[in-house]
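Student: Just a sequence and a predicted model for now, questions to come.
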Amino acid sequence: MKPKISIITIVFNRKKDLRKTLESIKSQTFESKQFVVIDGGSTDGTKDILEEYNEIIDILVSEPDKGIYDAMNKGVSMSEGEWLNFMNAGDTYINKNTLEDVFLRESQDDDMLIGNTLIDYGNFKKSLKVKSLDKIWMGARFIHQSVIIKREYQLNNPYNIQNKIGGDFEFFYNAVQKDASIKILDQYISIFEAGGVSDTNRTSSILGNMRIVLKDDPSLTKFLFYILKLSFEVLKSTIKIFLPKNLIRIFQRI
């Protein structure tokens, strides 16, 4: 018997990017699924698009929240599936058979299944394969949209809503440190749209990760790593001010 998966979409004023996500979810051939949408009270026409896709949405909540991780926890609490996957506005599955392929091949004994990702920069896409989890202290080793999480595990380990930017990193870092059962898939799961909250607030995101890591292990090596990482990010941001956009795009491909 196939397991049930709850797909959760978090959205707030993303009318421009939402439709492709809804189309991707609608196209999934895997039938044993629930679709939950948590809208933060959009005012840009997002609700109109959601109404167009009413036939595929099982639960729709549209109300103000305390941030993205509060919305994510809300979606988890309303989900019914054995498994969860967050596919937020702007992001899509790699193809229509993605979920079918995952549950055709994989056992259901793990806490998480993590796959690879294509990062969409608009004018090109870049592959991101899952990196070594042993070095998760260095920062994100994968993309959240390419993770399928056991609902029971997620309910017992909610996102920290006080961590406004890096709540997902905090969740995954703690999962690895606590020896959650994680399986790495040799499969692409999602296409992730670059430019999200953690992308556009890179310095704040790095600082947040640094606080989590050093609180757990205040070693000099990890401290120096993050100081260098912050310095590089500041330098990169400064250079971007002076470089033409076409040259920035070339560097993004590297």
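Tutor: Arrived safely.
Student: Show me what the longest helix that the chain contains packs onto, helices and strands only.
Tutor: In the chain, with assignment by DSSP state H, the single longest helix is helix 220-242. If contacts are counted by 3 or more C-beta pairs under 8 Å, 6 or more residues apart in numbering; DSSP states H and E, helix 220-242 sits against helix 202-216. Any C-beta I mention is one placed from the backbone N, CA and C, and that applies to glycine too.
Student: Please identify the buried residues of the helix it packs on?
Tutor: Neighbour-count burial for helix 202-216 flags 202, 205, 206, 207, 208, 209, 210, 212, 213 (criterion: 16 or more other C-beta atoms under 10 Å).
Student: and the angle from the longest helix of the chain to helix 202-216?
Tutor: Interaxial angle of helix 220-242 relative to helix 202-216 (axes from the mean of the first three to the mean of the last three C-alpha atoms, to 10 degrees): 180 degrees.
Student: which residues sit against helix 220-242?
Tutor: Contacts to helix 220-242, defined as C-beta atoms under 8 Å, 6 or more residues apart in numbering, come from residues 137, 138, 139, 202, 203, 206, 207, 209, 210, 213, 214, 248.
Student: Give the buried residues for that helix.
Tutor: Those buried within helix 220-242 under the rule 16+ other C-beta under 10 Å are 222, 225, 226, 229.
Student: can the residues you listed go into TSV with extra columns for distance to residue 178 and pLDDT?
Tutor: Shown next, in TSV, are the buried residues of helix 220-242 (distance: C-beta to C-beta, whole Å; pLDDT from 0 to 100):
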residue	distance to residue 178	pLDDT
222	18	97
225	22	97
226	22	96
229	24	94
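Student: Tell me the one of those nearest residue 164?
Tutor: Nearest to residue 164 out of the buried residues of helix 220-242 is residue 226 (C-beta to C-beta; 18.7 Å).
Student: surely residue 36 meets residue 9?
Tutor: Yes. Counting by C-beta atoms under 8 Å, residue 36 touches residue 9, with 7.3 Å between them.
Student: what residues are shared contacts of these two?
Tutor: Common contact partners of residue 36 and residue 9 (C-beta under 8 Å, 6+ apart): residue 75.
Student: about what we covered before: could you export the contacts of helix 220-242 as a markdown table, including pLDDT?
Tutor: As requested, those are exported to a markdown table (pLDDT from 0 to 100):
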| residue | pLDDT |
| --- | --- |
| 137 | 97 |
| 138 | 96 |
| 139 | 93 |
| 202 | 83 |
| 203 | 88 |
| 206 | 93 |
| 207 | 93 |
| 209 | 95 |
| 210 | 96 |
| 213 | 97 |
| 214 | 97 |
| 248 | 58 |
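Student: ok, which pair from the residues you listed is furthest apart?
Tutor: The most widely separated members of the contacts of helix 220-242, counting by C-beta to C-beta, are 214 and 248 (31.2 Å).
Student: Just the mean pLDDT for the longest strand along the chain, thanks.
Tutor: When the chain is scanned for its longest strand (criterion: DSSP state E), the result is strand 182-193. Strand 182-193 carries an average pLDDT of 95.
Student: and what of stretch 153-173?
Tutor: 95.
Student: Stretch 65-85 too?
Tutor: Averaged over stretch 65-85, pLDDT sits at 96.
Student: Let the chain start at 506 from now.
Tutor: Let's use 506 as the start, then, which means that last one is stretch 570-590.
Student: That one: which residues count as buried?
Tutor: Those would be 570, 572-581, 583-584, 586, 588-590, for stretch 570-590 by 16+ other C-beta under 10 Å.
Student: from the chain's centre, how far out does it sit?
Tutor: In terms of C-alpha atoms, centre = their mean, to the nearest Å, the centre of stretch 570-590 is set 12 Å apart from its chain centre.
Student: mind checking the end-to-end distance for that stretch?
Tutor: 20 Å (C-alpha to C-alpha, to the nearest Å).
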